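A.B. asks: okay, sequence plus prediction incoming.
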Amino acid sequence: MRVAVVGAGYVGLVTGTCLAESGNDVACVDKDDAKIEALQAGSIPIYEPGLEELVHRNAKEGRLRFSTDLAQAAGRAKVVFLAVGTPEGEDGDAELRHVLEAAEEIARSVKHYTVVATKSTVPVGTADRIQEIMERRAKAEVDVVSNPEFLKEGAALEDFQRPDRVVVGARTDRARRIMRELYAPFVRTERPILLMDPRSAEMVKYASNAMLATRISFMNDIAVLCERVGADAEHVRKGMGADTRIGYPFLFPGIGYGGSCFPKDVKALLATGRRHGIDLDLLRAVEKTNERQKRQLLVRAVKHFGALDGRTFGVWGLAFKPKTDDLREAPSLEVIEGLLGKGGRVQVYDPVAMERARRLLGERVTFAPGPYEAVEGADALFVVTEWSEFRTPDLERVKTLMRSPVVFDGRNVFDPAEMEELGFVHHAIGRAPPGPAK
Ligand code: UDX
């Protein structure tokens with residue numbers, strides 16, 4: 001099938017590449033000349049495990065092309081995916097400028113019956129708005145469907161190719177048939193394709209992310225309480241997760257959720273609520289808890305050291321989670337800004353996000369070539385992202401390199417008993433603060 005994907009960002013690239021891999025003829029389009037030139041030359045602008053290899057193979061075999069010519073790509077395609085960015089707008093709602101501009105251009109370009117599928121996370125009712133644009137401007141019949149993505153960064157290819165579910169909100173059988181055909185290679189009976197109306201499909205995306213964010217904030221609240229009452233959040237997590245109604249995934253307390261989806265989508269859903277006169281109290285609390293949680297380690301550091309000025313801090317992990325170089329809404333930034341703001345010196349290390357961080361933080365921090373260099377002479381180490389290489393370091397070496405053996409473990413990567421034995425002061429999430437160093 002001929003497919004066009006508008007927006008060669010994270011979602012667009014993954015979608016286009018996976019659809020090419022399943023045998024479709026895909027054109028990925030973007031307005032950014034530099035990005036398209038780089039992609040044509042084989043350079044991938046984001047870090048995502050396995051993506052580079054898949055892009056190269058499909059491009060070489062002629063199923064995947066990159067271009068800036070939206071009109072041509074949309075004119076040839078049977079399905080046009082909209083995967084342009086929806087940044088946070090003024091009132092917290094998703095900013096639809098890019099989506100609507102692309103929709104206008106698609107409307108001017110279609111030559112035959114086309115399905116326009118929105119992949120971007122857009123407020124409920126957006127597919128209907130785009131349908132109106134098509135009806136006003138397009139010379140051919142167009143069905144607009146909502147087809148939200150549920151890709152986790154770091155596992156996006158797996159999520160696309162073996163999805164828990166595919167959600168398609170469509171008004172006509174014709175559009176449903178085409179979407180079913182496109183997704184057939186990825187869905188089996190146990191991985192359903194769920195057909196519904198566009199508004200429900202749009203809501204599924206927001207409600208899913210809001211529910212996951214709620215789970216994390218709930219667990220973070222429980223963790224704070226565990227610290228106070230002398231319970232261990234790690235035991236509590238295991239005990240809760242064993243109940244199949246609760247389940248284990250997404251129950252890890254930490255230093256707050258970040259990334260390009262949860263913070264933005266929670267805000268956008270709150271904005272939708274406000275627009276309709278509904279106060280989503282629970283979701284407001286989720287957001288508030290997350291803001292508090294992002295400051296947790298800093299508060300503890302101040303409690304531990306008193307003043308931070310003149311002290312040196314090592315930071316392990318910059319990306320908002322492992323296996324990505326994405327720094328959007330990353331709790332690391334809050335930690336680093338807090339330490340700098342209080343006069344501390346910061347030495348950072350991340351396996352893949354250093355380049356991006358350099359552009360954001362410039363000369364204000366020291367970029368260490370490895371985890372051990374980051375803790376040299378440090379008064380404390382902050383573990384901010386749970387990369388697997390941070391789970392089993394040579395802790396004796398870490399201790400020798402540091403000025404004082406204090407660890408703020410924002411992801412509970414270390415075992416408290418082992419840390420105590422090694423003589424570290426180990427602050428973890430959801431565990432009572434430790435006694436003084438031995
Ligand atoms: C998320 C959704 O999972 C995905 O379905 C959606 O389409 C986009 O948003 P992503 O942002 O890539 O994906 O990351 P995810 O793995 O969901 O993690 C989000 C945040 O929650 C991260 O900051 C992570 O560290 C945090 N988290 C996750 C926790 O603090 N505890 C957990 O138990 C799980």
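C.D. replies: It's in.

A.B. asks: who's in contact with stretch 392-402?
C.D. replies: For stretch 392-402, contacts defined as C-beta atoms under 8 Å, 6 or more residues apart in numbering pick out 314, 371-372, 375-381, 405, 414, 418-419, 422-424. To be clear about C-beta, it is placed using only N, CA and C from the backbone, and glycine gets the same treatment.

A.B. asks: what are the buried residues along that stretch?
C.D. replies: By neighbour count on 16 or more other C-beta atoms under 10 Å, the buried set for stretch 392-402 is 393, 395, 398-399, 401-402.

A.B. asks: just the buried residues of the contacts of stretch 392-402.
C.D. replies: Using 16+ other C-beta under 10 Å as the burial test, these include 314, 371-372, 375-376, 378-381, 405, 414, 419, 422, 424 as buried.

A.B. asks: SS state for the nearest residue to L280 once chain neighbours are set aside?
C.D. replies: Closest residue to L280 apart from its sequence neighbours, by C-beta to C-beta, 6 or more residues apart in numbering: G273 at 4.2 Å. Reduced to three states with DSSP: H, G, I helix; E, B strand; the rest coil, the structure at G273 is helix.

A.B. asks: quick one on the thing from earlier: out of the buried ones among the contacts of stretch 392-402, the closest to the ligand would be?
C.D. replies: The closest of those to the ligand turns out to be F414 (C-beta to the nearest ligand atom; 16.8 Å).

A.B. asks: just checking, the closest one is part of a helix?
C.D. replies: No. Assessed with three-state DSSP, F414 is coil; it does not lie in a helix.

A.B. asks: so it sits against A428, correct?
C.D. replies: Yes. F414 lies in contact with A428 (C-beta atoms under 8 Å); the separation is 7.3 Å.

A.B. asks: around the ligand, pick out the residues from the stretch 1-150 of the chain.
C.D. replies: Contact residues (C-beta under 6 Å from any ligand atom) of the stretch 1-150 of the chain with the ligand: 149-150.

A.B. asks: closest point of the stretch 1-150 of the chain to the ligand, which residue?
C.D. replies: For the stretch 1-150 of the chain, C-beta to the nearest ligand atom, closest residue to the ligand: F150, 3.9 Å.

A.B. asks: I'd assumed P163 was in contact with that residue.
C.D. replies: Yes. In this structure, F150 is within contact of P163 by C-beta under 8 Å, at 6.7 Å.

A.B. asks: which elements pack onto the longest helix seen in the chain?
C.D. replies: Secondary structure of the chain per DSSP state H: the longest helix is helix 198-229. Here helix 198-229 touches helix 126-137, strand 142-146, strand 166-169, helix 233-241, helix 262-275, helix 281-305, going by 3 or more C-beta pairs under 8 Å, 6 or more residues apart in numbering; DSSP states H and E.

A.B. asks: buried sites along that helix?
C.D. replies: For helix 198-229, burial by neighbour count (16+ other C-beta under 10 Å) applies to 198, 201-206, 208-210, 212-224, 226-227.

A.B. asks: now do stretch 29-47
C.D. replies: Residues 29-31, 35-36, 39, 44, 46-47 are the ones in stretch 29-47 that count as buried (16+ other C-beta under 10 Å).

A.B. asks: all strands of the chain, in order?
C.D. replies: With DSSP state E, the ranges of strands along the chain come out as 2-6, 25-29, 64-67, 79-82, 114-118, 142-146, 166-169, 193-196, 312-316, 345-349, 366-367, 380-383, 406-409, 425-428.

A.B. asks: so can I have a markdown table of those strands showing distance to E158 and mean pLDDT?
C.D. replies: Listed next are those as a markdown table, based on distance: least, C-beta to C-beta, whole Å; pLDDT from 0 to 100:
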| stretch | distance to E158 | mean pLDDT |
| --- | --- | --- |
| strand 2-6 | 19 | 98 |
| strand 25-29 | 19 | 98 |
| strand 64-67 | 19 | 98 |
| strand 79-82 | 19 | 98 |
| strand 114-118 | 21 | 98 |
| strand 142-146 | 23 | 98 |
| strand 166-169 | 14 | 98 |
| strand 193-196 | 18 | 96 |
| strand 312-316 | 26 | 98 |
| strand 345-349 | 27 | 98 |
| strand 366-367 | 31 | 98 |
| strand 380-383 | 26 | 98 |
| strand 406-409 | 28 | 98 |
| strand 425-428 | 30 | 97 |
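
A.B. asks: can I get the ones you listed in TSV with distance to A285?
C.D. replies: Converted to TSV, the strands of the chain look like this (distance: least, C-beta to C-beta, whole Å):
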stretch	distance to A285
strand 2-6	37
strand 25-29	40
strand 64-67	44
strand 79-82	33
strand 114-118	30
strand 142-146	28
strand 166-169	27
strand 193-196	29
strand 312-316	29
strand 345-349	31
strand 366-367	37
strand 380-383	26
strand 406-409	25
strand 425-428	24
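
A.B. asks: can you give the domain ranges for this structure?
C.D. replies: 2-196, 206-438 (automatic domain parsing).

A.B. asks: how about the closest residue to E334 other than its chain neighbours, what does it touch?
C.D. replies: Spatial nearest neighbour of E334, chain neighbours left out: K294 (4.4 Å); criterion: C-beta to C-beta, 6+ apart. The contact partners of K294, by C-beta under 8 Å, 6+ apart, come to 255-256, 258, 331, 334-335.
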